[in-house]
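Q: Got a predicted structure here, sequence first:
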Amino acid sequence: MQHVDDTLFLTSDGQSKNTFQLAISQTLQAIVDSMQDDRAFCGKKPEDLKAIVSAETLLPKQGLGFDAVLKKVTDLVLPNFVRTSSCDYMAHLHSPALIESIAAELILSTFNQSMDSWDQAPIATEIEIEVVKRLCGMYGFGAASDGVFTSGGSQSNLCGITLAREWYCNTKLHHDIKKHGLPGCFRQFRIYTSEISHFSLDKNAHLLGLGYDAVVKVPVDARCRMDVQALRRLLDEDEKKGLLPICVVGTVGTTDFGSIDPIDELREICTAHGMWLHADAAYGSGVMLSDTYASRLGNIGACDSITVDFHKMFLLPISCGVFLARDGHALDTFMLHADYLNREEDEDDGYTNLVGKSVQTTRRFDALKVWIAFQVRGKDGFSRIIDTCIENASYLYGRLCANAAFEVAVKPEISSVVFRLRASCEVNKNIRRDLIHHHGVVIGQTVYAGKTFLKFTLLNPLITHEKLDSLLALIEELGREATIGTSV
């Protein structure tokens, strides 16, 4: 019989503890040693990285051992990571991770709790329940509300649209989708969202069997917010056609512009037309912790459900999101009992099996990251972080408006600034590539008014005004060089 290494896991055995401590300490040292400069990226191109990866054997016949593999990671992987903590990284809604939340990741990965049943995650279950309860209160929901942790905005938005569909069918059509599937009129269902909302809404409509045609894209106003009058017109037109409006998705922080749809007006419209109101606040939800700017979110508690992401403005590691519902019973949509997992007698005896309100079965204990980071930083700590990011965006907007070399899309409401050099789209595209491959700077790119724009997504509170000024100067210089090169 072959012998299995008895230091596979961390156990109460002294040797396994020593092995665990050594592996973690060596890994920590490798990570710390890899931070040699302030660049966001080393500059390698796709073909360079493909060559590195393709040269390695995934599953050698004989294991190489931890030390040898860590050496490979140290030499080949760590230097080529994007460093989200760099002040030169501002491409996406992809934040640096707070140190205490990385410690939380070590804890939750070591103990590997699975959040589907109480007997797999006793204290973890109780912590998630309590964290969700407090979050519901934070976002203006009452005692009847509930929620569940998710992988992020896309999954939370899937939950929101699913609950909207179930609610509409149950209350308006008296049809039980769980038992009977989609009703015959499902092709008439319509979901309304802004034309610049997150693409997960289209993907989720497809997954729910409604199709892309069910998603009606509402025009936006000059501030890139959903045009409420356009929404009213579309609803009136669609109802006259015999279509069935079931849901409005208001975006509280659009991916590119950070624009915030007018939640109060959307609530009034949804009530008048008998629709569910879901708030995709994956980006903007963090603003709730700001002592200065929280009012920009509007009355988000008036929504029927809310998407919150912690791996954006809250600076927690991926993945970490939560879906909140004003009526907690709506989550019964996801309930299905299995004798081997979430027995009905468990609930009667006070054992909560969270799988009953989740799209997922096996699920990480991501609530621990929120539980730890919130207590470490406190409301005041998070307010300072978020205020700094919003004020950096305001500063950058002012500098861009004062410089005739640039044009800006819209005034930022949160912490994203979309702008371009007054040059060709090709020049702006090339500048972004030049920054990432020759300067270690990673910024975003999008389209506004049919033209290529650049984007700074400012989630790092360590970014200074001086850093922003220097990056603008660099972009302006690269633009001049590109223009001269083109003219020659």
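A: Cool, got the structure. A quick note: this is a predicted structure, and the numbers were derived from the prediction, not measured.
Q: List the buried residues for stretch 104-112?
A: Using 16 or more other Cβ atoms under 10 Å as the test for burial, stretch 104-112 gives 104-105, 108. Every C-beta, even on glycine, is put in place using the N, C-alpha and C of the backbone.
Q: Repeat that for stretch 437-447.
A: Buried residues in stretch 437-447, counted by 16+ other Cβ under 10 Å: 439-446.
Q: In the stretch 351-488 of the chain, what residue spans correspond to helices?
A: For the stretch 351-488 of the chain, the helices defined by DSSP state H, counting those that start in this stretch cover 367-401, 425-438, 465-487.
Q: Buried deepest among the ones you listed, which one?
A: Of all those, helix 367-401 carries the top mean neighbour count, a mean of 19, counting by mean count of other Cβ atoms under 10 Å.
Q: So which other helices or strands are in contact with that helix?
A: helix 99-111, helix 122-138, strand 406-408, strand 416-421, helix 465-487 (3 or more Cβ pairs under 8 Å, 6 or more residues apart in numbering; DSSP states H and E).
Q: Name the nearest residue to Thr292, sequence neighbours excluded.
A: Among residues not flanking Thr292 along the chain, Asp387 sits closest, at 5.2 Å (Cβ to Cβ, 6 or more residues apart in numbering).
Q: That neighbour and Leu289 touch, don't they?
A: No: between Asp387 and Leu289 there is no contact under Cβ atoms under 8 Å: 9.4 Å.
Q: and the gap between Tyr397 and Asn403?
A: Distance, Tyr397 to Asn403, using Cβ to Cβ, to the nearest Å: 11 Å.
Q: Just the buried positions in stretch 255-266, please.
A: Buried residues in stretch 255-266, counted by 16+ other Cβ under 10 Å: 255-263, 265-266.
Q: ok, so of those residues, who is nearest Lys429?
A: Asp256 (15.9 Å; Cβ to Cβ).
Q: In a helix, that closest one, correct?
A: No: under DSSP: H, G, I helix; E, B strand; the rest coil, Asp256 sits outside any helix and is assigned coil.
Q: Am I right that it is in contact with Gln445?
A: No: the pair Asp256 / Gln445 is not scored as a contact, 9.9 Å apart, by Cβ under 8 Å.
Q: What degree of burial does the residue lying closest to Ala222 once chain neighbours are set aside show, as a neighbour count?
A: Excluding the flanking residues, the one nearest Ala222 by Cβ to Cβ, 6+ apart is Val410, at 7.4 Å. Number of residues near Val410 (other Cβ atoms under 10 Å) recorded here: 22.
Q: Could you do Lys17 as well?
A: Neighbourhood size, Lys17 [other Cβ under 10 Å]: 13.
Q: my read: it touches Leu10, true?
A: Yes: between Lys17 and Leu10 there is a contact at 6.7 Å, judged by Cβ under 8 Å.
Q: any shared contact partners between Asp256 and Gln445?
A: Counting by Cβ atoms under 8 Å, 6 or more residues apart in numbering, the contacts common to Asp256 and Gln445 are Lys455.
Q: beta partners for Arg420?
A: Beta-bridge partners for Arg420, by DSSP bridges, are Glu407.
Q: That one and Val447 touch, don't they?
A: No: counting by Cβ under 8 Å, Arg420 stays clear of Val447, with 10.2 Å between them.
Q: which residues are common contacts for those two?
A: Common contacts of Arg420 and Val447 (Cβ under 8 Å, 6+ apart): Phe453.
Q: can you pull the contacts of Ile161?
A: For Ile161, the contact set (Cβ under 8 Å, 6+ apart) comprises 191, 201, 204-205, 208, 247, 249, 278.
Q: For Asp221, state which of those is nearest.
A: Distances from Asp221 to the contacts of Ile161, taken by Cβ to Cβ, are shortest for Val249, at 16.9 Å.
Q: quick one: the closest one is in a strand?
A: Yes: when three-state DSSP is applied, Val249 is found to be in a strand.
Q: Quickly list what it is bridged to.
A: Val249 has these beta-bridge partners by DSSP bridges: Thr193, His278.
Q: show me the contacts for the nearest residue to Lys467 once chain neighbours are set aside.
A: With sequence-adjacent residues excluded and distances taken as Cβ to Cβ, 6+ apart, Lys467 is closest to Cys87, at 5.2 Å. Applying Cβ under 8 Å, 6+ apart, we find Cys87 in contact with 38, 460, 462-464, 467.
Q: So Cys87: helix, strand or coil?
A: When classified by three-state DSSP, Cys87 comes out as coil.
Q: Could you report the pLDDT at it?
A: Listed pLDDT for Cys87 reads 98.
Q: Kindly report the same for the one 5 residues further on.
A: According to the model's per-residue confidence, His92 sits at a pLDDT of 96.
Q: quick one, strands of the stretch 51-200 of the chain?
A: 89-90, 146-150, 189-194 (DSSP state E, counting those that start in this stretch).
Q: Could you export the ones you listed as CSV, including distance to Gly298?
A: Shown next, in CSV, are the strands of the stretch 51-200 of the chain (distance: least, Cβ to Cβ, whole Å):
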stretch, distance to Gly298
strand 89-90, 26
strand 146-150, 20
strand 189-194, 15
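Q: could you dump those strands to TSV with distance to Thr171 and mean neighbour count?
A: Shown next, in TSV, are the strands of the stretch 51-200 of the chain (distance: least, Cβ to Cβ, whole Å; neighbours: other Cβ atoms under 10 Å):
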stretch	distance to Thr171	mean neighbour count
strand 89-90	44	26
strand 146-150	19	26
strand 189-194	14	26
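Q: Give me the distance between Leu289 and Phe374.
A: Distance of Leu289 to Phe374, computed by Cβ to Cβ: 9 Å.
Q: between these two, what contacts are shared?
A: Counting by Cβ under 8 Å, 6+ apart, the residues touching both Leu289 and Phe374 are Phe382.
Q: Can you list the helices and strands that whichever strand or helix holds Val322 packs against?
A: Taking DSSP states H and E as the definition, one finds Val322 inside strand 321-325. With contacts defined as 3+ Cβ pairs under 8 Å, 6+ apart, the packing partners of strand 321-325 are helix 122-138, strand 146-150, helix 153-168, strand 305-309.
Q: If we go by neighbour counts, what in the longest one is buried?
A: Taking 16+ other Cβ under 10 Å as the neighbour-count basis, helix 122-138 is seen to contain the buried residues 124-125, 127-129, 131-133, 135-136, 138.
Q: circling back: select, out of the helices and strands packed on strand 321-325, the one closest to Arg83.
A: Nearest to Arg83, of these and by Cβ to Cβ, is strand 305-309 at 20.8 Å.
Q: quick one: Thr27 is in a strand?
A: No: according to three-state DSSP, Thr27 belongs to no strand; its state is helix.
Q: Roughly how far does it sit from Asn353?
A: Plainly put, Thr27 is 34 Å away from Asn353 if you go by Cβ to Cβ.
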